[in-house]
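> I would like to see how this sequence folds:
(chains A and B)
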Amino acid sequence: MLEIRNICKTFNAGTINEKVALSNVSITLNDGDFCTVIGGNGAGKSTIMNAVAGVWPIDSGMILVDGTDVSGLSEYQRAPFFGRVFQDPRTGTAGDMQIDENLALAARRGQRRTLRWGVTRKEQEKYKEYLKTLDLGLEDRLTAKVGLLSGGQRQALTLIMATMKKPKVLLLDEHTAALDPKTASKVLAATDRIVEENRLTTLMVTHNMRDAIQHGNRLIMMNEGKVALDISGEAKKKLTVEDLLHKFEEVTGGSFANDRMLLS
Amino acid sequence: MAAYFSSLNPIALWNAAPGGIAQGLIWGIMALGVYTTFRVLNFADMTVDGSFSLGGAVAVMLMLNGFNPSIVLFASLGAGLLAGLITGILHTKLGIPDILAGILTQISLYSINLNIMGKANQAVPINSVRVFFTSNIRYLGQTLALTLVVDVIIVSIIYWFLGTELGSSIRATGINPDMSRAQGIDTNKMKILALMLGNGLVALSGGILSEYQGFADVKMGQGSIVIGLAAVIIGEVLAEALVGKRLNFVMRLSFTIIGAIIYYMVYVFVLWLKFPADDMKLLTAIVVAAFLAVPYLKEKRVNSFSGLQKRNARLQAESLNNDKEAE
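Numbering: from 1, shown residues only, chains lettered A, B, ... in the order given. So this is what the prediction gives:
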């Protein structure tokens, strides 16, 4: 369970560039919830991801994972709780290391890094099984450098890395935004399958309204650092893109003009 | 001209070669330290100029105080670890940018080294200690064998260490710190560890060199970062040319040492050509700049605006000519 309680974050406080990114945001995800987050540019959807992951400390509020407050932990300290996939395919993997080395790093998330060998034979067999489920042929390229893979392959690999050690919460930050439509839908299908198989609690930021509607059991719309809309259950199932656009215009005061969202 | 060439003695070059190889093997350890910080951690560490002299100063002063010449080298190593720790703390805990953090440690080590030695240089007490790494022509074979063994051991240790869970985390930190933190790696700790390891090797190399040359000097490390880089880069260019795609990590490390040996062979050769020794640092800088520039210029040649302009101008001229001929 993920509980975000009244969190606030202001960037460049006290300067002319002051920007209130999150103001009193509260979201509670129950176990197994798959929540999509949409919003215009600067609405705070990526900011909420970074706040949860601990990229920087929040100004006030609490972030609880299964009842434990993690808001005082630094990014690497709270990493054991979260699996993360980023927008840029290069961010989630080490390009100059092999596929199996990347997986081995992820397999040790939350463990002490010792002087034992970095990747064992036994692990390699296990990784092959994992990679087979992606159906991208990566299982035959275990010792290839990740930098040689395509963007879609790298995102799929990052997804495996984020979930092979079952995280308390899976954080997906526009993880298909940099991919072409066909690859994006493949990665999303893999996401759905992995989330379902492991019953993962998931928070997925997207700028694609259709994806936000089609995936998950809950949808949150953000605007100006606040939760503007929170739909779940039957209401979410019935939602259409037109509904959402209409609602968006309502909360933003009719001046909704985000090209990126309209086009997709 | 003829007088100059007749003054060059081939036998002198032949005699100087083993010394060049020995120095290359010793500086190779230093280059491995630079490889660890510059290539593995992706951190241009300027500390090394100071930690190289530090290793020499510690070794010689301990020998003067009657310590065994092999034990003092461990002290050099330890002193280098500390120097790396300081740079690491300046960078990670106090937020000082990487190059500046290294320069600050380097400059403070200048004073520290003077304090350790009491003056600008100290000689190894040849009469009371028998050093293992000696430039004495009678024992040069032994020195060569010994440095080679030390190099092989160090390459093995680095290979093993960077293959462990901890070493993999250091490599990941150098390649992608964001990903590393997302996977629960304490990137600050990894940076400090790599800086310690790198400077430990550099100081060890400084300690061995002071035994080899018979003294330690506060300025012996000056410009050593450039020599280390030269070795790393010469090794890489050579490895790409000779091994190409089959290049593995052990070979990368070994070629760094080979790079250092080549550097010192060139050094010996240029001195033999009666080049003034004072100009060697200038020459080294030019070599490093050239090697760093080559990949960039190669890319530029294939991929440049001016090149495209010339090609298109030529095409236009040709089509103009063709039109005229048609008329």
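
> Kindly tell me how buried B:Phe12 is, as a neighbour count.
Careful, residue B:12 is Ala; it's not Phe. B:Ala12: 12 surrounding residues under other CB atoms under 10 Å in any protein chain shown. All C-beta spots, glycine's among them, are computed from the backbone N, C-alpha and C.

> Go ahead and confirm it touches B:Leu271.
No - contact status for B:Ala12 versus B:Leu271: not in contact, 9.9 Å apart, counting by CB atoms under 8 Å.

> excluding its backbone neighbours, what's nearest the residue sitting nearest the centre point of chain B?
Closest residue to the average C-alpha location of chain B: B:Gly228 at 1.4 Å, with CA atoms, centre = their mean. Leaving aside its sequence neighbours, B:Gly228 sits nearest to B:Val34 (CB to CB, 6 or more residues apart in numbering or on different chains; 3.2 Å).

> OK, contacts around that neighbour?
B:45, B:48, B:198, B:202, B:225, B:228-229, B:231-232 (CB atoms under 8 Å, 6 or more residues apart in numbering or on different chains).

> cool, B:Met46 as well?
B:99, B:102-103, B:105-106, B:225.

> Please repeat the previous calculation with a cut-off of 10 Å.
Residues in contact with B:Met46 (CB atoms under 10 Å, 6 or more residues apart in numbering or on different chains) are B:37, B:87, B:98-107, B:225.

> can I get these in a markdown table with neighbour count?
Shown next, in a markdown table, are the contacts of B:Met46 (neighbours: other CB atoms under 10 Å in any protein chain shown):
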| residue | neighbour count |
| --- | --- |
| B:Thr37 | 31 |
| B:Thr87 | 33 |
| B:Asp98 | 20 |
| B:Ile99 | 13 |
| B:Leu100 | 13 |
| B:Ala101 | 24 |
| B:Gly102 | 30 |
| B:Ile103 | 19 |
| B:Leu104 | 19 |
| B:Thr105 | 31 |
| B:Gln106 | 24 |
| B:Ile107 | 13 |
| B:Ile225 | 25 |
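
> Nearest to chain A among those?
For those, the minimum distance to chain A (CB to the nearest CB) is 15.9 Å, reached by B:Thr37.

> Spell out the secondary structure type for that closest one.
Of the three states, B:Thr37 takes helix under DSSP: H, G, I helix; E, B strand; the rest coil.

> Can you sort out which of the contacts of B:Met46 also neighbour chain A?
Among the contacts of B:Met46, proximity to chain A is found for none (CB under 10 Å from any CB of the partner chain).

> Taking those, tell me the two that lie furthest apart.
B:Thr37 and B:Ile107 (17.7 Å; CB to CB).

> Residue 206 - how many residues pack around it?
Because you didn't say which chain, this covers chain A. Around A:Thr206 there are 27 residues (other CB under 10 Å).

> my bad, the chain I had in mind was chain B
With other CB under 10 Å as criterion, B:Gly206 counts 35.

> on that earlier part again, can you check the pLDDT for the residue nearest to B:Gly228?
Predicted confidence (pLDDT) for B:Val34: 97.

> can you give me the helices for chain B?
Taking DSSP state H as the test, the helices found in chain B are B:2-7, B:10-34, B:48-64, B:71-92, B:98-117, B:140-163, B:165-175, B:177-182, B:187-213, B:224-242, B:249-272, B:280-302, B:305-326.

> Could you single out the most deeply buried of these?
Each of these was scored by mean neighbour count; the highest is helix B:48-64, a mean of 30, by mean count of other CB atoms under 10 Å in any protein chain shown.

> Rounded mean pLDDT for that one, please.
Mean predicted confidence for helix B:48-64 is 97.

> just how off-centre is that helix within its chain?
Mean-position distance between helix B:48-64 and its chain equals 17 Å (CA atoms, centre = their mean, to the nearest Å).

> How about stretch A:154-169?
Relative to where its chain is centred, stretch A:154-169 has its mean C-alpha point 10 Å off (CA atoms, centre = their mean).

> got it, and stretch B:64-73?
Centre-to-centre, stretch B:64-73 and its host chain are 25 Å apart (CA atoms, centre = their mean).

> okay, how far is it across that stretch, tip to tip?
Taking CA to CA, to the nearest Å, the first and last residues of stretch B:64-73 lie 13 Å apart.

> List the pairing partners of the helix or strand hosting A:Asn6 within its sheet, with orientation.
Element membership for A:Asn6 (DSSP states H and E) is strand A:2-11. Sheet partners assigned to strand A:2-11 using DSSP bridges are listed as strand A:19-29 (antiparallel), strand A:60-65 (antiparallel).

> The longest one: what's the following helix or strand?
Tracing the chain past strand A:19-29, the next element assigned as helix or strand by DSSP H and E is strand A:34-39.

> Report the contact partners of the closest residue to A:Lys132 other than its chain neighbours.
Counting by CB to CB, 6+ apart, A:Lys132 lies nearest to A:Glu139, which is 4.9 Å off, once chain neighbours are set aside. Counting by CB under 10 Å, 6+ apart, A:Glu139 touches A:99, A:127-133.

> Repeat the analysis, applying 6 Å as the threshold.
For A:Glu139, the contact set (CB atoms under 6 Å, 6 or more residues apart in numbering or on different chains) comprises A:128, A:131-132.

> List the ones among those residues that fall in helices.
Using DSSP H, the subset of these located in helices is A:128, A:131-132.

> Top of the residues you listed by number of neighbours, please.
Busiest of the ones in helices among the contacts of A:Glu139 [other CB under 10 Å] is A:Leu131, holding 22 neighbours.

> contacting residues for it?
A:138-139.

> Might you list the low-confidence residue ranges for chain B?
Within chain B, no stretch has pLDDT under 70.

> The same query, at a cut-off of 80, please.
B:1-3, B:5-7, B:245, B:291-292, B:295, B:299, B:301-302, B:325-327 (pLDDT under 80).

> how close does A:Val195 sit to A:Val65?
According to CB to CB, to the nearest Å, A:Val195 and A:Val65 sit 17 Å apart.

> for B:Ile227, that is, sorry about that
From B:Ile227 to A:Val65 the distance is 51 Å (CB to CB).

> Equivalent analysis for B:Leu85, please.
In terms of CB to CB, B:Leu85 sits 34 Å off from A:Val65.
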